[in-house]
Structures are given as structure tokens and as C-alpha cells.
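**Student:** dropping the sequence and predicted coords here.
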Amino acid sequence: MLKVENIQKTYGNLVAVNQLSFEVKDGEIFGLLGENGAGKTTTFRMIMGLLESDSGKILLDNKKIDYSITDKIGFVTEERSLLTKMTVKEQILYYGALKGMSEEKILQELKYWLNKFEIKKYENKKIKELSKGNQQKIQFISAVINHPKLLILDEPFTGLDPINVKLLKEAVYELKGEGCSIIFSSHQMEHIEEFCEKLIILVKGEVILEGYLKNIKKSYGIKKVVIKGENIDMTKIEKIESVEDIKNMNGEIIVHISDEKAVEKIFNVIKKCKILKFEALEPSLNEIFIEKVGNSHE
Ligand code: ATP
């Protein structure tokens, strides 16, 4: 388990991360969200021991993170950190050896991951000859080759096609199943929404929202009703109290409401029509993010 307690980092007069605390349990996927410059990379660097915090504590399995346990942290970032003149095999042997693994074990793991990612044929190709997506897979393999206790994924899906995103997501779930704690950062909210049980939103180094995603969403309540059906009279829905906005988009009627009680009233108005779809929805993470982060702009 990763425990971050009141960490602080300043650059000159700028407070990049202010009194940040969170926990990521074994097998938990945690989302660290924020706009550009919010303090995510600074936080990752402090966790990996690349940057010293001004104050606070960072513990992995109750031990302070130092060089003896940084091997147990895997890191995948948007910027490729691969040695492009090496072949895939040379690269992974190099990273595996740095993490103290035997050659036999590295090759066994490499075979497993190359097969899983459907890139066995690239084993002896130079990294620079690989496509961006395949380089990203190699970076992932180098980060997880020794089954890390903590995996940090900083925008891992940027530039990947949907098939490769799916492969990488499955691999992340596999590590979660092994009890690895995973921190995930992305600007693509649909990935966070699908992936993270717990999250923090940072604005200028400050936490403005935190908790389990399902609880956060629940606290917002139902905000939208989506209806598909025949002969639905939108003017009747429009007149219901708490209906703020109604529009027809691609054959679906989207109703924004300010009070959950409107859901039943909407249903009563249309129940005699032929209804193909009736969904009452909590806000998406994207909507929550925009509301929270948007409000904090001065
Ligand atoms: P992005 O999404 O753009 O990667 P981020 O959330 O990772 O952003 P950080 O890179 O952690 O944000 O930066 C947090 C703040 O600290 C920013 O205002 C940034 O300009 C500042 N900062 C980061 N590194 C340094 C540094 N080495 N010296 C001075 N200021 C820095």
C-alpha cells in the first residue's frame, strides 16, 4: 500500500504541491487528475524518490521510499524513456538487470508480455524501428517486468489506437489482480471513469475533490435523463418543475434537471408513449471535472 502524508513542494515562491495526502491500497487503481501545471508530475517524482519533498512522508508498505525500494515502482510516461538504438530484447534485459532480475527470469517474463501484446516478432528489432504504439508497449513491459508493488501510469494511452488501449488496459487489470497499487493520470476522463475507483482532483497543487468515484457521483445525484421513444411531447416535459434544459440529439431527448424528483414526473408524462430507452444519469466525471476545475479559475 502507498501512503502519502502531507507532502509539500515549493519551487521558489510557487507552491507546486500543498499538503497532499492520499492512500492507494493493494490492488486499487487511483486517479490523480488536474489541469496542466496542477502538480501531478511533481507528485510522481516525489513518490519515485527523484525529487525530495519539503515536508511530509511517503511510505510504500510502511517503508519510507528510498533507493532500496524504488525498484518496486514501475513508471510509464508519455515521453518515451527508451534507448532507441537497442533491440527490444536488449532493452528489457537491461531494465530487468537494473531491477536485480536473473536473465532467465527476464526472458521468461519478456516472452509472456510479447505474446500478450501480440508483438513477439519484434523481439530482435531496434526500438526506433517500432511504431509509437509498440514502443509504448515496450515501455510498459520494462515498467512491469519485475511485477512492481506500485505502478505509476502518466498519460499511458496517449497516441494509442483503441485496440492497443484495450490490450494495455487488460494488462493493468492483471497487475491490479496481483495486488499492485496503481496510480493513473490522464486528461481523458473516460479512461479515468472506467478505471479508477478512487481519485483526487488537484488545482494548483491543492486538493479540490477526493474520494471514491461512486460516492462522488452519488453526492451529485441524478442530473440528466435520456429518453428515446415515439411521439414524445417535449413541451410537456419542458413545463415540469426542475427541468432546466431539454434538447433532441440524434433521436434521443436529453433532459437536464436540478432535482431528482423530476425523474418520476418526466416518466409520468411520457409513460403512455412507446419508450425504447429511459435512463436517469449521475453526471459524468468530465462534467464534474469541468464544474470543479472551472469554478476554481479566478
Ligand atoms: P502537466 O499536466 O502539464 O504535466 P502537472 O500537473 O504534471 O502538469 P507539474 O509539472 O507538477 O504539473 O508542475 C506544477 C507546477 O510547478 C507548475 O506551475 C510548473 O510550472 C511548476 N514547476 C514544475 N517543475 C518545476 C521546476 N523544476 N522549477 C520551477 N517550477 C516548476
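**Tutor:** Great, that's in hand.
**Student:** please count neighbours and contacts with C-alpha atoms only from this point.
**Tutor:** OK.
**Student:** put the alpha carbons of the helix or strand in which Val172 is found into CSV.
**Tutor:** Assigned by DSSP states H and E, Val172 belongs to helix 162-177. Provided in CSV are the C-alpha atoms of helix 162-177 (Å, rounded to 0.1, in the frame of the first residue of the first chain):
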residue,chain,number,x,y,z
PRO,A,162,-8.4,1.6,-29.4
ILE,A,163,-7.1,-1.9,-29.8
ASN,A,164,-3.8,-1.1,-28.1
VAL,A,165,-5.7,0.8,-25.4
LYS,A,166,-7.7,-2.3,-24.7
LEU,A,167,-4.6,-4.5,-24.6
LEU,A,168,-2.9,-2.2,-22.2
LYS,A,169,-6.0,-1.9,-20.0
GLU,A,170,-6.2,-5.6,-19.7
ALA,A,171,-2.6,-5.7,-18.7
VAL,A,172,-3.2,-3.1,-16.0
TYR,A,173,-6.2,-5.1,-14.6
GLU,A,174,-3.9,-8.2,-14.5
LEU,A,175,-1.4,-6.2,-12.3
LYS,A,176,-4.3,-5.0,-10.2
GLY,A,177,-5.3,-8.6,-9.7
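**Student:** gap between the closest residue to Thr70 other than its chain neighbours and Ser68?
**Tutor:** Nearest in space to Thr70, with sequence neighbours left out and distances taken as C-alpha to C-alpha, 6 or more residues apart in numbering, is Met48 at 6.3 Å. Distance of Met48 to Ser68, computed by C-alpha to C-alpha, to the nearest Å: 11 Å.
**Student:** and the helix holding Val172, what does it pack onto?
**Tutor:** Contacts defined by 3 or more C-alpha pairs under 8 Å, 6 or more residues apart in numbering; DSSP states H and E place helix 162-177 against no helix or strand at all.
**Student:** buried residues of it, list them for me.
**Tutor:** Asn164, Val165, Leu168, Lys169, Ala171, Val172, Tyr173, Leu175, Lys176 (16 or more other C-alpha atoms under 10 Å).
**Student:** what does stretch 206-223 give?
**Tutor:** Glu206, Val207, Leu209, Glu210, Leu213, Ile216, Lys217, Gly221, Ile222, Lys223.
**Student:** ok, stretch 187-198 next?
**Tutor:** Quick answer for stretch 187-198 (16+ other C-alpha under 10 Å): His187, Met189, His191, Ile192, Glu193, Phe195, Cys196, Glu197, Lys198.
**Student:** same list (the residues you listed) but as JSON lines, adding secondary structure, distance to Ile145 and pLDDT.
**Tutor:** Supplementary listing: the buried residues of stretch 187-198 in JSON lines, determined by DSSP: H, G, I helix; E, B strand; the rest coil; distance: C-alpha to C-alpha, whole Å; pLDDT from 0 to 100:
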{"residue": "His187", "secondary structure": "coil", "distance to Ile145": "26", "pLDDT": "80"}
{"residue": "Met189", "secondary structure": "helix", "distance to Ile145": "28", "pLDDT": "84"}
{"residue": "His191", "secondary structure": "helix", "distance to Ile145": "24", "pLDDT": "86"}
{"residue": "Ile192", "secondary structure": "helix", "distance to Ile145": "24", "pLDDT": "87"}
{"residue": "Glu193", "secondary structure": "helix", "distance to Ile145": "27", "pLDDT": "88"}
{"residue": "Phe195", "secondary structure": "helix", "distance to Ile145": "22", "pLDDT": "84"}
{"residue": "Cys196", "secondary structure": "coil", "distance to Ile145": "23", "pLDDT": "90"}
{"residue": "Glu197", "secondary structure": "coil", "distance to Ile145": "25", "pLDDT": "90"}
{"residue": "Lys198", "secondary structure": "strand", "distance to Ile145": "26", "pLDDT": "94"}
